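Student: Could you work out the structure for the sequence below:
(chains A and B, ligands or ions: 2)
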Amino acid sequence: MAIQGIDFAKLSLMDALDLAILVEDEAQERYEEFAAQMDQHRTPQAAQFFRYMVENEAKHGRELLARRVQRFGDAPRSVTRAMIFDVEAPDYDAARAFMSPRKAMEAALASEVKAHSFFVSALPSLKDAEVRALFEELRDEEIEHQELVKIELAKLPPDSGLSDEDFVDEPAAQ
Amino acid sequence: MSATGTCEYQPKDYKSDLKPIWCPGCGDFSVVQGIYRALAAIGRPPHEIAFVSGIGCSSRIPGYTTAYGFNSVHGRALPIAQGIKLANPDLLVLAAGGDGDGFSIGGGHIAHLIRRNMDITYIVMDNQIYGLTKGQLSPTSQKGRTTCTSRYGSLEEPVNPLLYVLAYGAGFVAQASPTDLVGMAATIEEAIRYPGFAFVNIQSPCVTYGEEAQQIKGLKAISESLQSLGHNPADRLAAMDLAQQYGNKLHLGVFYRNPEPPPTYGDLVKERQTLLSKDAPPKERILDLFIKK
Ligand SMILES: Cc1ncc(C[n+]2csc(CCOP(=O)(O)OP(=O)(O)O)c2C)c(N)n1
Ligand code: SF4
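Tutor: Residues are numbered from 1 along each chain as shown, chains lettered A, B, ... in the order given. Ligands and ions are numbered 1, 2, ... in the order given. Next up, the predicted model:
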């Protein structure tokens, strides 16, 4: 997880909203990539779950965008994607060939935990009251997202204790 | 189109319709994203870019871009890239491949592109293993590493790609990894902008045959940005000193950038052509040059 060139003490509400949108965009794109990887490797259940995450991230992104537009219209954005990396998006190597739905959900849960710690760790540096309130809200939402994933996890049959590798042959040479 | 009338490219403009068949989680997925971003920042249209690779999982990469691509022969990305650059110097030429492709079978070519200062950016996806052929020892595998071709542990010291190219005099040497995609994209962009041979070693984990310590979590634990260390990229000896820690530390960023880049081979060829062109015979009499008077 990295944030570059952002001085949290000077963060304006508009920048904070834009930053939050970019974080959602990045996570959405990473889940899209993971879903495509799962399709390619015939792992439809994990692909389906990653698409569910794509929808979640997109929905949240749209909500934040609506707030940003309502408050600041189309004022030019000063934060860019080059300033953030892996805030809410799972690490690149969190995907695995033939991963079970459980493993896919655990990867998403870990990312939501990561995003929560991002907002928690940024809070002490924030000076603007509105930005602080936004970050507190986003922090709490990450807990809600974790709960959503936990609900999906609870719907799964109990874990057999076997790992994916117990079922899968070594990948064939490409 | 921008206000100044020039085209502005987005990373997605360099993404082809071909779906990567790398194993899910492979580090090369992030490398291709880094390349899309770097190319968008450079802003050359895809048809002005030639992307050459050898053979290996990583060498599939040109196909996932909209540039002209050539997934060539194992170890031969660099001579082919060199030929393309000499035939059409206006092209932006990228070469890429694995550590096996670049430092084992193709290892002999690097020295020559460096001493000629070919204006080519060479990206090696260093996963310390032969991925495509299912996990054999590669030239950058750690000593002691057990694989299907080293059942009792490798007896060999690994090649150090950074020291290797620095020692031959490469003008631009850098390292990146998927632990920092933003930094990776910036480093690739800088390498492309360097006028001459530029080398970027990317520690790109193989999730299928790689060791635990070489996965993203392990890489994060040993990574350190060269900028944060206060390293001066104009200092070649300091770069060589830091490069010695390859394998133990993951230094990210630019090790060395020649502050006064020498002319490229292409520049010298052009100069020679200009010099000789006034006395040059017409094309149809060119063979006369080889006939003793
Ligand atoms: C002339 C020749 N020798 C050997 C091979 C078999 N071969 C294909 S890819 C490869 C090594 C792949 O490792 P690397 O270049 O590190 O790329 P990776 O797959 O790890 O990305 C080998 C030995 C070949 N294709 N051609
Ligand atoms: S075998 Fe390794 S290098 Fe090849 S695609 Fe799979 S993870 Fe990547």
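
Student: What parts of chain A come near chain B?
Tutor: A:2, A:4, A:33-34, A:36-41, A:43, A:82-86, A:91-97, A:99, A:170-171, A:173-174 (CB under 8 Å from any CB of the partner chain). No exception for glycine: its C-beta is placed from N, CA and C like everyone else's.

Student: pretty sure B:Pro233 contacts B:Leu242?
Tutor: No: judged on CB atoms under 8 Å, B:Pro233 makes no contact with B:Leu242 at a distance of 10.4 Å.

Student: where does B:Asp288 land on pLDDT?
Tutor: Per-residue confidence (pLDDT) for B:Asp288: 86.

Student: Flag every buried residue along stretch A:60-69.
Tutor: Neighbour counts over stretch A:60-69 (16 or more other CB atoms under 10 Å in any protein chain shown) mark A:His60, A:Gly61, A:Leu64, A:Leu65, A:Arg68 as buried.

Student: Most proximal residue of the stretch 1-150 of chain B with respect to chain A?
Tutor: Residue of the stretch 1-150 of chain B nearest chain A, by CB to the nearest CB: B:Pro24 (3.8 Å).

Student: How many residues are close by that residue?
Tutor: Look at B:Pro24: counted by other CB atoms under 10 Å in any protein chain shown, it has 25 neighbours.

Student: Which pLDDT value belongs to it?
Tutor: Model confidence at B:Pro24, expressed as pLDDT, equals 96.

Student: ranges for the helices of the chain?
Tutor: Went with chain A since none was named. Applying DSSP state H to chain A gives helices spanning A:13-40, A:44-72, A:101-122, A:129-154.

Student: You answered for a different chain; I wanted chain B.
Tutor: Going by DSSP H, chain B shows helices at B:28-42, B:77-87, B:99-100, B:107-116, B:161-168, B:181-193, B:216-222, B:236-243, B:265-277.

Student: With B:Arg60 as the reference, name the closest of the ones you listed.
Tutor: Of all these, helix B:28-42 sits nearest to B:Arg60, with 7.8 Å by CB to CB.

Student: what comes into contact with the closest one?
Tutor: Here helix B:28-42 makes contact (CB atoms under 8 Å, 6 or more residues apart in numbering or on different chains) with A:33, A:37, A:82, A:92, B:9-15, B:20, B:22, B:46, B:49, B:57-58, B:60-61, B:64-65, B:67, B:92, B:94, B:123, B:125, B:176, B:178, B:181, B:184-186, B:188-189, B:192-193, B:202, B:204.

Student: same thing but at 7 Å, please
Tutor: Here helix B:28-42 makes contact (CB atoms under 7 Å, 6 or more residues apart in numbering or on different chains) with A:33, A:92, B:9-11, B:13-15, B:20, B:22, B:49, B:57-58, B:61, B:64-65, B:125, B:176, B:178, B:181, B:184-185, B:188-189, B:192, B:202, B:204.

Student: tell me which parts of the stretch 101-250 of chain B are close to chain A?
Tutor: Within the stretch 101-250 of chain B, the positions near chain A by CB under 7 Å from any CB of the partner chain are B:Leu132, B:Thr133, B:Lys134, B:Pro178, B:Asp180, B:Leu181, B:Val182, B:Pro205, B:Val207, B:Thr208, B:Gln215, B:Ile216.

Student: Compare these and tell me which has the most neighbours.
Tutor: For those, the largest number of neighbours (other CB under 10 Å) sits with B:Pro205, at 30 neighbours.

Student: Now do that residue against ligand 1, distance only.
Tutor: Applying CB to the nearest ligand atom, to the nearest Å, one obtains 11 Å for the distance of B:Pro205 from ligand 1.

Student: Grab the nearest non-local neighbour of that residue.
Tutor: B:Gly27 (4.2 Å; CB to CB, 6 or more residues apart in numbering or on different chains).
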